[in-house]
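Chemist: With the sequence up front, the predicted model follows.
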Amino acid sequence: MTRHAVYLEMAEDGRCMAHVPDLPGCVVHAPARNQALAQLPGAIRDYYAWLRRHGEPAKSGETPIEIEIAGESSGIGPFDPGSAAALFPPDRKPLSFQEIKDLFRLMAHSRADLLALVRDLPDEVLDYQPHPDSFSIRRLLRHVGNAEEWYVSRLVSPETLPPEWEHDEDLPLFEFLEMERRTAQARLCHGRTCSIPPSGPTIPKSRGRPAKPCAASWSTSESTPPRPARSWLPGAAACWPAWLPNGPD
């Protein structure tokens, strides 16, 4: 039996987002709480399978799964553009430098999966919008890349941000994705050796330039920087092209 702590975000209209913090990027988004909980065991087994496909240690798909609801937030959650996200206790737990490197490795796996889906799409597919208010695939990819920039800008001093970010809108899509991932990881590893595996071109941005970054919340000499927000973790970017809400990056 494997037990996983789960944290729920509930919207006022009943929509539910369920997070499994010990499986970074394992998220279920459903119209209702009971549906999200019912889908979680399958999502967790899919995550185990994803880990095994990438040569990572993982539980067997036959392992019984027990879910423990460790926290729940109502009336707030990243369900719509611009919405705030809840901050749960695991989000506040400091990361060791080794944990950061392990997360970067998972992010490389998920990025490779994402690029395999979109790299060869023609422009007419990348730019297709089923509805005038919907995001095209290109815009989603820009958003994913910009999300990495946004979160890093909230963790470090503004004067230490990569200069490449100043004119990133001018870069072609896949050059932009590669640059955002490379510079975000390098900035978080500032002054240290990360041994980050190559992840290939990275992903999207959509809401313009990030707001003015906050002051540094940890120094480069510290060994336990804050845990990044859930949506920037490995699962987020690869799990969401279908970080959209179901699946690991």
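Modeler: Done, it's in.

Chemist: who does Met10 bridge with?
Modeler: Cys16, Ser74 (DSSP bridges).

Chemist: neighbours of it, just the number please.
Modeler: Here the count is done by other C-beta atoms under 10 Å, and Met10 has 21 residues near it. No exception for glycine: its C-beta is placed from N, CA and C like everyone else's.

Chemist: quick one: average pLDDT of stretch 65-84?
Modeler: For stretch 65-84, mean pLDDT is 88.

Chemist: Make 3 the starting number, not 1.
Modeler: OK, 3 is where the count begins now, so the last one is stretch 67-86.

Chemist: what comes up buried for stretch 49-69?
Modeler: Going by neighbour count (16 or more other C-beta atoms under 10 Å), the buried part of stretch 49-69 is 49-50, 52-53, 56, 60-61, 67, 69.

Chemist: and Tyr49, what element?
Modeler: Taking DSSP states H and E as the criterion, Tyr49 maps to helix 35-55.

Chemist: Gly63: what's it in contact with?
Modeler: 47, 50-51 (C-beta atoms under 8 Å, 6 or more residues apart in numbering).

Chemist: Please name the residues that touch the nearest residue to Leu53 once chain neighbours are set aside.
Modeler: When the adjacent residues along the chain are set aside, Leu53 lies closest to Ala60, with 3.7 Å between them (C-beta to C-beta, 6 or more residues apart in numbering). Ala60 makes contact with 49-51, 53-54 under the criterion C-beta under 8 Å, 6+ apart.

Chemist: Would you verify that Ala60 is located in a helix?
Modeler: No. Ala60 sits outside any helix when classified using DSSP: H, G, I helix; E, B strand; the rest coil, being coil.

Chemist: How much space separates it from Glu14?
Modeler: Plainly put, Ala60 is 36 Å away from Glu14 if you go by C-beta to C-beta, to the nearest Å.

Chemist: same question, Tyr49
Modeler: Distance, Tyr49 to Glu14, using C-beta to C-beta: 29 Å.

Chemist: Report the rounded mean pLDDT for the helix holding Tyr49.
Modeler: Regarding helix 35-55, the rounded mean pLDDT is 96.

Chemist: Remind me what that helix packs against, helices and strands.
Modeler: strand 4-12, strand 18-21, strand 29-32, strand 67-76 (3 or more C-beta pairs under 8 Å, 6 or more residues apart in numbering; DSSP states H and E).
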